[in-house]
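Undergrad: Sequence and computational prediction follow.
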Amino acid sequence: MTRPVGGEFAGLSNYIDLLQSPAYQLGLRNTVVFMGLSVPLNMLLSLGAAMLIKDMGKFKPIFVLIFLIPLVIPSGAMVFFWRMMFSRNGFINNIFDMVGLDGINWLNSEYAMLTLLIIFVWKNLGFNLVLFLSGLSNIPKEYYEAAKVDGANALYTLRKITFPCLLPITVIVLLMSVINSFKVFREVYLLMGSHPHESVYMLQHFMNNNFHSLNYPRLTSAATLLSIAMVVITWGLLWLERKASHE
Amino acid sequence: MSRRIAFNFKLVLLAVTGIVFLFPLVVTFTNSFMSEQEITLFYRTDLSYFDVLEGIEQRFISFRLIPRDFSFAQYRMVLIDRPMFLMLLVNSVRITAPVTIGSLIISLLTAYGFTCWKWKHKEILFFIYIVVMLMPLQAVLVPNFIVADWLGITDNQWAVILPGIFAPFGTFLLRQSMKGIPAECYEAARIDGAGELRVFLYVVMPQMKSGIAALTMLVFIEYWNVVEQAVVFLRDFDLQPLSVFLSRIADGRAGLIFAASTVYMLFPFVWLFLGQEHLEKGIELSGIK
Amino acid sequence: MKKFFVTVGIAAMAFAFTACGGGNATNSATVPIFAADDEPLSGNLTVSTFDTVMLRPFLESAAELFTEMHPDVTITVDSFSAPPEIQTIENEDGTTMQVMRTSEGPQERRDYVNQISTDLMGGRGPDILAMDMLPFYRYARMGQLVDLRPFMEHDPNFDINDYRANIFDLLTTDTGLFKFPINIDFQYITFDSTLFTPAQQNALMAGGAFTIQELLELGSPAFHAANEEHNMFSMADFVMFRHLFHLYQNHFINFETRTANFTDGVFVDMLNMIQNMDDQGYLQDGTFGNVRIGGMEVVEMDRFLYKFNPSFLLFQEFNRDDPDRLGFFMGQGVTDDDMVAGLLGNSLGDVPFALGERGGGTAFGINSNSQNQALAWEFIKFLSSDALIDLAGGVMGIPLHIGAFEESAWRNASNHMFTPRRLIEDSGAPIEYLELNATQLARKQAYIETVDGFINSFTTFRITDALIEEMIFSEIGEFFNGEISAEDLARNLQSRITLVLNE
């Protein structure tokens, strides 16, 4: 009988079985795709927002508050709202209809990934925003002034001053974004159930469902592989960061 | 002059984005003042008899921002008519409060150990902390369950509270904050003969205000929102927190969902409002390596 | 570098520990130990069920009776715990009523399965599991349920012939028998004799199972002969889909090989056929889940060519002419001239039956983690025996214990629906009160024969997976609303269900 403790040793067979399983492959692919899309997207947008906000003076705290609010709103409270927005007869399709476009099936088609990205960015923009704002404010003004004296234009300043100075903080933002991109599972689960459309079926779904099927070998194998991946990623990021801060 | 234009342009852009961001919140808040009939009327997509008569083929949902009849009925239902709601709220507090306070204490002490002491293998251990922190909930739930079973607490709130108290995220955040304190401060105190406890309480703690505020806020939000662990460990509904109830209600009882959501959101929101400044500082400091 | 090696080392250790395998899923075939006849039974049992409306009261009464007979035994009945809701319902006269209901939505069901799975994982869990919501076939596959065959073979107090052996045979797979059914529920077909010619009626009463094509063939001329005034079937399109899907489920989903088969054209054909039936007016109107156009009054006064009725209505077919009949369970529409045709079969000659979903019949299994398997077995035997009839809530479905079934037939025939024979005997009522007169006896006999015939005609068991059911039936609504095409739906279901089967 398969139980988490007291099983028999089966060597690598669990892992081979796992890697060959189409469900695992699907989950892995989707998780990687989602992370690959959401993390850069979130970072770019929050960087852009940070650059816009940093000069807003007295409006700054207000805008920061606005962008932070989605972070504190619990997922359960928003699910109903998201459903009203994204279902076939929902608000967004309503607008499409008024403009004369066909409605899109936001929740149960290839577009589900897009829906997820929207929800993810909405929720997590504020977190990265604050980090970037602090990073931006740490860049000494003298650099900018020196650049202006030398006649540099905006693009040049951006490339040569802003980005390099932001590198350390970018690494942290990256790390935090990866953590947050895992947490999106809750929204997907509440909105689309335990077996969503195949374009958004992620590793967390795989593990969650195996938990319910009492399939511990699969679940723990998947979790171990994930830990190994995390170790490699973390180590890589920290190495990158150390290299960057030496410059 | 062009500065002015640039400023205004940015302002407008941000304002529009801000409205989009706030939209869900505003809708939830204003809709909480609608009567139940209005909501069920509005948020159905099924065709009624009359629709078919008029040849309408599809009904869309549009959000109502201003209720037709302003009414407190939802709030009354939520707060008074159904006392179970208050019980669920209390359960949420019963989980969140110990986690917040406990994790604060533990994280402070642990972060202190990591920052202000030198010992072998410190970095490796911290590295492991980070890896564990990165693990998604599904991977961690099974080991949690095994340990909880071993401790015999699988059917009460401690199974949710204890993992929260000992979660590595707090240590990570506070360690980053603590690194901002120049080493000379506590070196000096030690040389003066202060014991570790004193160094901790009088040198390090006063400078941690932002970090502490940030941590309490983030932990509070995370555990106010707890769903998966609560479902696994808390069977009796008189132990369940509000977050679990709301996750179920999304399936159909639209009548009181807006008011329930608003009340539910109120707590973290108030916290955010009060501690916003500190939160920002805290997040900033976690970025400084 | 050192850091790297250390972490890799830790990872390798974790790796080794988690490489524990599934071993073999079968339990060791030791002969179970039964209590000697003269030893009193003792121990603790927990029984778990999701349903709080019917199963829980039934189990609680059973537990009470059992513990009266065996004072050293305690039985706890667990059910899913969700906050009850107080709902205000308006009566027709304008007064309001407050009703307490526990909610049973899909999330609650998922949470229940979640809780049980967690318990089982911790090596614990209730001793007896009710089949209503749980994925028994998955548990059996994982070795989590006890094979009941050794118990059945070696228990001197158990005789398979007290029950319907063919059902047990159908439930036994190569690896064993894991669920013990105590009652069974199915759907049977009736036709309205005023709407068919005598020749057609003879065909319909010829016995055996009918495929949907045969029903259509016989029904179509009758339909047109009645100027298309009456629907052929008393159900709407999505209900017809449910029946047909279940009928052909073994073609679409193979739980053994873990494959799904929606894209070979059969599924699309089926959907198109139902659409066609709807277009021709064979099916009742109704949009998925919504207000029926025309309202309920139409349904009550209308006649239908065919109806699919649940088995608890079966006795009503035999006592129509009885002035004393208890008539609170009514079929749909006008039922005065209905006659029983038979069961629904598929074109491969199979007549499937199911357990566990709402109304499919109740079964129980024993948890492999249980420390009290022999005691659990005793309780399950008790639940299925004729003592069952005495319990609160009466009988749900047709009991599989032959003695219990005959008792229920007696009750129906004598119109003492909820009074056990024993109680009447004890109350000192005159003997004549207990005996059935000739007409009643005839009715009872006809009923028993029909049920026997039906149950003996089952050929396969259909596994129900609540998750898959939910998935299919929520998506099918989109098809009938015209929002998605049959091919797209088939493709969607194919990918999702393959995923579910193969995780």
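TA: Right, received. Where do you want to start? Source: prediction; values computed, not measured.

Undergrad: Could you use CA atoms for every contact and neighbour count after this?
TA: Will do.

Undergrad: Distance of the closest residue to C:Leu305 other than its chain neighbours relative to chain B?
TA: Leaving aside its sequence neighbours, C:Leu305 sits nearest to C:Met232 (CA to CA, 6 or more residues apart in numbering or on different chains; 4.7 Å). Going from C:Met232 to chain B by CA to the nearest CA, to the nearest Å gives 24 Å.

Undergrad: Show me the shaky parts of the chain.
TA: Assuming you mean chain A. Along chain A, segments meeting pLDDT under 70 span A:1-11, A:244-247.

Undergrad: try chain C instead
TA: Residues of chain C that meet the criterion pLDDT under 70 lie in C:1-39, C:81-106, C:285-301, C:324-333, C:357-360, C:387-396, C:416-425, C:429-434.

Undergrad: Chain B now?
TA: B:1, B:36-69, B:77-83, B:180, B:210, B:248-256, B:275-289.

Undergrad: can you map out the helices along the stretch 401-503 of chain C?
TA: Listed in chain order, the helices of the stretch 401-503 of chain C (DSSP state H, counting those that start in this stretch) span residues C:402-414, C:421-426, C:431-434, C:438-456, C:466-480, C:486-502.

Undergrad: Find the one among these with the highest mean neighbour count.
TA: Using mean count of other CA atoms under 10 Å in any protein chain shown, the stretch among those with the largest mean neighbour count is helix C:402-414, at a mean of 21.

Undergrad: just checking, what packs against it?
TA: When contacts are defined as 3 or more CA pairs under 8 Å, 6 or more residues apart in numbering or on different chains; DSSP states H and E, helix C:402-414 packs onto helix C:438-456.

Undergrad: so the helix it packs on versus helix C:402-414, what angle?
TA: 140 degrees (axes from the mean of the first three to the mean of the last three CA atoms, to 10 degrees).

Undergrad: what about helix C:438-456, distance to the chain center?
TA: The chain centroid and the centroid of helix C:438-456 are separated by 22 Å under CA atoms, centre = their mean, to the nearest Å.

Undergrad: Phi and psi next, for C:Leu129.
TA: phi -110, psi 130 (degrees, to the nearest 10).

Undergrad: and it, bridged to which residues?
TA: Taking DSSP bridges as the rule, C:Leu129 bridges to C:Ser48, C:Gly365.

Undergrad: contacting residues around it?
TA: Each residue near C:Leu129 by CA atoms under 8 Å, 6 or more residues apart in numbering or on different chains is listed here: C:Val47, C:Ser48, C:Thr49, C:Phe364, C:Gly365, C:Ile366, C:Asn367.

Undergrad: Tell me where chain A has helices.
TA: Secondary structure of chain A (DSSP state H): helices at A:13-20, A:22-53, A:60-72, A:75-86, A:91-99, A:112-137, A:141-149, A:154-157, A:163-183, A:185-192, A:203-212, A:216-246.

Undergrad: burial measure for residue 218, as a count.
TA: Reading this off chain A. Neighbourhood size, A:Arg218 [other CA atoms under 10 Å in any protein chain shown]: 25.

Undergrad: you looked at the wrong chain, it should be chain C
TA: So C:Leu218, with other CA under 10 Å, has 17 neighbours.

Undergrad: Identify the residues contacting it.
TA: By CA under 8 Å, 6+ apart, the neighbours of C:Leu218 are C:Gln200.

Undergrad: mind redoing it with 10 Å?
TA: Contacts for C:Leu218 (CA atoms under 10 Å, 6 or more residues apart in numbering or on different chains) come out as C:Phe196, C:Ala199, C:Gln200, C:Gln201, C:Ala203, C:Leu204, C:Ile212.
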